[in-house]
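A.B. asks: Structure of the sequence below:
(chains A and B)
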Amino acid sequence: NAGVTQTPKFQVLKTGQSMTLQCAQDMNHNSMYWYRQDPGMGLRLIYYSASEGTTDKGEVPNGYNVSRLNKREFSLRLESAAPSQTSVYFCASRGQEASPLHFGNGTRLTVT
Amino acid sequence: GDSVTQMEGPVTLSEEAFLTINCTYTATGYPSLFWYVQYPGEGLQLLLKATKADDKGSNKGFEATYRKETTSFHLEKGSVQVSDSAVYFCALRVNFGNEKLTFGTGTRLTIIP
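C.D. replies: Purely as a prediction, here's the structure:
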């Protein structure tokens, strides 16, 4: 019962460094999402992938890129990290049209 | 655009108290409405949902009724427990193929024994 697995759990970067957040789901879901969670702002959608091979921008895509490597995996890349990207990042997936999102446990990223 | 407005937190209650967390929404289509809960150190989990007007979602003693006339989906529980301490998020998704789930800002609930 792994569900949605995110790695790493914690990361500290210096401004300008790059990194990739990994996400994998074992529920055979078509859609996958990346959100960021900031105090007082709830969750905001960064990018999503409605199916393998497609990706689309969400509300706050600037500074990020994504790759839907296969049906299971959806990674989020920060090419040049900035302090404004300090946040908690959540990956989520969804199966059929009306089904709810399943979330991973999050990655807490600090950019100094 | 679509938006969700939630009761500001934090909310602190004594065990066995009655809970209401207010949620109102604006949407251009016919939304489905959700409450998600986030326990410390974890991701969000679906608590309950309602997909059309007058539907009542319920789970773990929590309830919320989809009120189209007041565009509301308030979360209630008759007798809260310490284990209900968490952050609660109201969310909506407009149907007909829209992938985007719009979240409220979250309400932190703390129950004291």
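A.B. asks: Any idea what B:Q45 is bridged to?
C.D. replies: B:Q45 has these beta-bridge partners by DSSP bridges: B:V37.
A.B. asks: Any figure for the gap between it and B:A64?
C.D. replies: Distance of B:Q45 to B:A64, given as C-beta to C-beta, to the nearest Å: 15 Å. Bear in mind the C-beta positions are built from the backbone N, C-alpha and C, glycine included.
A.B. asks: more crowded one of these two?
C.D. replies: Using other C-beta atoms under 10 Å in any protein chain shown, the more surrounded residue of B:Q45 and B:A64 is B:A64, with 27 against 14.
A.B. asks: hey, what's the more buried one bridged with?
C.D. replies: B:G57, B:L75.
A.B. asks: From what I see, it and B:K77 are in contact.
C.D. replies: No. Here B:A64 does not reach B:K77: they are 9.9 Å apart, not a contact under C-beta atoms under 8 Å.
A.B. asks: Give me the packing partners of the lowest-mean-pLDDT helix or strand in chain B, helices and strands only.
C.D. replies: Lowest by mean pLDDT, DSSP states H and E among the helices and strands of chain B is strand B:102-103, with a mean of 90. Counting contacts by 3 or more C-beta pairs under 8 Å, 6 or more residues apart in numbering or on different chains; DSSP states H and E, strand B:102-103 is packed against strand A:42-49, strand B:3-6, strand B:86-94.
A.B. asks: hmm, 10 Å instead?
C.D. replies: strand A:42-49, strand B:3-6, strand B:31-38, strand B:86-94 (3 or more C-beta pairs under 10 Å, 6 or more residues apart in numbering or on different chains; DSSP states H and E).
A.B. asks: will you turn those strands into a markdown table that also has distance to B:K68?
C.D. replies: Listed next are the helices and strands packed on strand B:102-103 as a markdown table, based on distance: least, C-beta to C-beta, whole Å:
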| stretch | distance to B:K68 |
| --- | --- |
| strand A:42-49 | 23 |
| strand B:3-6 | 15 |
| strand B:31-38 | 10 |
| strand B:86-94 | 12 |
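A.B. asks: Can you say which of these is nearest to A:N70?
C.D. replies: Closest of the helices and strands packed on strand B:102-103 to A:N70 is strand A:42-49, at 10.8 Å (criterion: C-beta to C-beta).
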